[in-house]
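Asker: structure for the following, please:
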Amino acid sequence: LDPGTRHYPDRDAKERLNNSSSMPEYSGRSESARSRHSVAAVQRVGQSLPCHRGRATAVGQSLHCSRCNATRWGNPCSAINALGAIVLNRRRMDDRGMTVQDSVAVQALAARLSPGFTLGVSSAAFQIEGSLAAGGRGPSGWDAFAEKPGNILHGHSPAVACDHYNRADEDIELMRALGIDSYRFSISWPRVQPEGNGRLNAAGLDFYDRLIDRLLAAGISPMATLYHWDTPLPLEHRGGWMERSTAERFAEYSAAAGKRFGDRVAQWVTLNEPASVTLNGYALGVHAPGRGLLFDALPSVHHQLLGHGLAVQALRAEGVAGAIGVANLHSPVRPATGSIADRLLARVFDLVLNRLYADPILLGRFPRLPLIARPWFRSMRSISDADLATIHQPLDFYGLNYYYPVKVATGRGVDSPSAAAEAMLKVPFHMAAFPEYERTGFGWPVAPDHLGILLRELKDRYGESLPPLYITESGASFPEPDHVTGPIPDAGRISYL
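Answerer: Predicted coordinates:
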């Protein structure tokens, strides 16, 4: 975790930040946006605390100037010091006249965030944009997968989703009012390059141009993911990530994105969760493209990682101003028992979930395989040293997506959400339950404490080869009513955070 580092596409912005107590200025940023926290107040034994620009608020031992936003941005004003126990007003009005509830849990969370900590939200284009045919967008592999009856619960359609394509301004205002520092969004490859190669779609490029400019105007740092699973359908028809040519096409698309947006994007994520694409998409078939190849899906690992390396090279060749990294799904993996079989299969699952992706990226080599499991990995034997060198690019950061720990047990089982996949029944292991933890709406164990375990494992495993870490995804899903007329009690997610 690198809470002291903030990346801004405007290279003077960080210097201005360090020498002032206001948020970095971008063209179009309004005075009302800068002072939106000015109505917050604090009491210390019934007494409000002064600040040189306004009233001050505090959480725990850390004070925050509500007008100049000083402590939150890492540059506290001279009038603010740690003055002991402060009690936040439980109810206050924000700049839109809406009542904001500060629960004890929210106060406790705020107290744990150091002044320079970057707090953000994340999304994926296919999950939120809708407008699948608008503005010249081409179909993706997920479009085709979602159209097949039985693939999506209740036959839901991604045609509208959150309607972000038409409501981007509204969504940015929601984020601005929330007070986040960074927004990780994904660029839809088929919206920018409908055929997956060659012609670029001007309307698609313009959409992301406007999105980035509006984020900057709102004081939100853009983090762009180049690939969040929406492979252009023409490429998927030719084999998708099972084919080396997809990595080469991805590099061309990455270069085009870097050329168009590279002066303003603060951080670039090449791939999001290549492990999920391989395991859920090509091995088990529960995600697009819906194939059930099991261990024969492993060439998709090689080609995604090669695409990552080529994309890093392409972005750097375009001279992008922002930092470059990747976001991988990681889970700490444990055997269900101390038996030899459980320990061996847990090691195999740790390979296919964690190490097959991180080792080549961070160390430039694939991990050693257990002798008894090597037949399962036979398709990984033909990777050249030249490809490994391309994959092993220096990175500015490493994105970590964490949701839950994994416990591996011998034999078939029904505890894991993936166990419902027909393909999963063909392998000699399953993910066992964690009865000591509550479960999310997805059936995943609510185990945020394992994030610390995972961070330690990554540090111990990769040492100095591990770049600064960003937690690029984490969280928990809980059921919500279909229709509401008032606020939704969100205790589950608040408690998780």
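Asker: can you give me the helices for the stretch 351-497 of the chain?
Answerer: 356-363, 385-391, 449-462, 491-496 (DSSP state H, counting those that start in this stretch).
Asker: just name the most buried of those.
Answerer: Ranked by mean neighbour count, these are led by helix 356-363 with a mean of 22 (mean count of other Cβ atoms under 10 Å). C-beta here means a position set from N, CA and C on the backbone, and glycine is covered the same way.
Asker: average model confidence for that one?
Answerer: The pLDDT scores in helix 356-363 average 98.
Asker: and for stretch 205-212?
Answerer: Here the average pLDDT along stretch 205-212 is 98.
Asker: go on, stretch 261-270?
Answerer: Here the average pLDDT along stretch 261-270 is 98.
Asker: got the buried residues for it?
Answerer: Phe261, Gly262, Arg264, Val265, Ala266, Gln267, Trp268, Val269, Thr270 (16 or more other Cβ atoms under 10 Å).
Asker: my read: the second one touches Val320, true?
Answerer: Yes - because the distance of 3.4 Å satisfies Cβ atoms under 8 Å, Gly262 is recorded as touching Val320.
Asker: contacting residues around Ile128?
Answerer: Ala161, Cys162, His164, Asp171 (Cβ atoms under 8 Å, 6 or more residues apart in numbering).
Asker: nearest to Ser114, of those?
Answerer: For the contacts of Ile128, the closest approach to Ser114 (Cβ to Cβ) belongs to Asp171, at 27.7 Å.
Asker: burial of the closest residue to the closest one other than its chain neighbours, as a residue count?
Answerer: Distance criterion Cβ to Cβ, 6 or more residues apart in numbering; nearest residue to Asp171, sequence neighbours excluded, is His164 at 5.7 Å. Neighbourhood size, His164 [other Cβ atoms under 10 Å]: 21.
Asker: and His164, its phi and psi?
Answerer: phi -60, psi -30 (degrees, to the nearest 10).
Asker: got the contact list for it?
Answerer: Ser123, Ile128, Glu129, Gly130, Asp171.
Asker: Asp482 and His228, how far apart?
Answerer: Per Cβ to Cβ, to the nearest Å, Asp482 is found 26 Å from His228.
Asker: coming back round to it: from the contacts of His164, which is closest to Lys459?
Answerer: Ser123 (28.7 Å).
Asker: what about that closest one, neighbour count?
Answerer: Other residues close to Ser123 by other Cβ under 10 Å number 17.
Asker: and what of the one 3 residues further on?
Answerer: Close neighbours of Phe126, defined as other Cβ under 10 Å, add up to 24.
Asker: verify the stated contact: it with His228.
Answerer: Yes - counting by Cβ under 8 Å, Phe126 does reach His228; the two are 7.0 Å apart.
Asker: overlap of the contact sets of these two?
Answerer: By Cβ under 8 Å, 6+ apart, the residues touching both Phe126 and His228 are Ser186.
Asker: now the nearest residue to Gly141 once chain neighbours are set aside: phi and psi?
Answerer: The spatially closest residue to Gly141, leaving aside those adjacent along the chain, is Glu236, at 3.8 Å (Cβ to Cβ, 6+ apart). Backbone torsions of Glu236, given as degrees, to the nearest 10, read phi -60, psi -40.
Asker: roughly how far does Glu236 sit from Val277?
Answerer: For Glu236, the distance to Val277 - Cβ to Cβ - is 11 Å.
Asker: repeat for Ala327
Answerer: Distance from Ala327 to Val277, by Cβ to Cβ: 12 Å.
Asker: over to Leu351?
Answerer: Using Cβ to Cβ, Leu351 is found at 16 Å from Val277.
Asker: more neighbours: which of these two?
Answerer: Neighbours per residue, other Cβ under 10 Å: of Leu351 and Val277, the larger number sits with Val277, 26 against 22.
Asker: and stretch 158-165, what's buried?
Answerer: For stretch 158-165, a neighbour-count test (16+ other Cβ under 10 Å) marks Pro158, Ala161, His164, Tyr165 as buried.
Asker: one step back: what about Asp482 and His228, which has more around it?
Answerer: His228 (25 against 4).
Asker: with adjacent residues omitted, what lies nearest to the more buried one?
Answerer: Nearest one to His228, counting by Cβ to Cβ, 6+ apart, is Ser186 at 3.6 Å.
Asker: which neighbours do Ala327 and Val277 have in common?
Answerer: Leu271.
Asker: residues near the closest residue to Gly281 other than its chain neighbours, how many?
Answerer: Sequence neighbours aside, His287 is the residue nearest to Gly281 in space, at 4.4 Å (criterion: Cβ to Cβ, 6+ apart). Per other Cβ under 10 Å, the neighbour tally for His287 reads 20.
Asker: check contacts around His287.
Answerer: Phe145, Trp229, Ser276, Val277, Asn280, Gly281.
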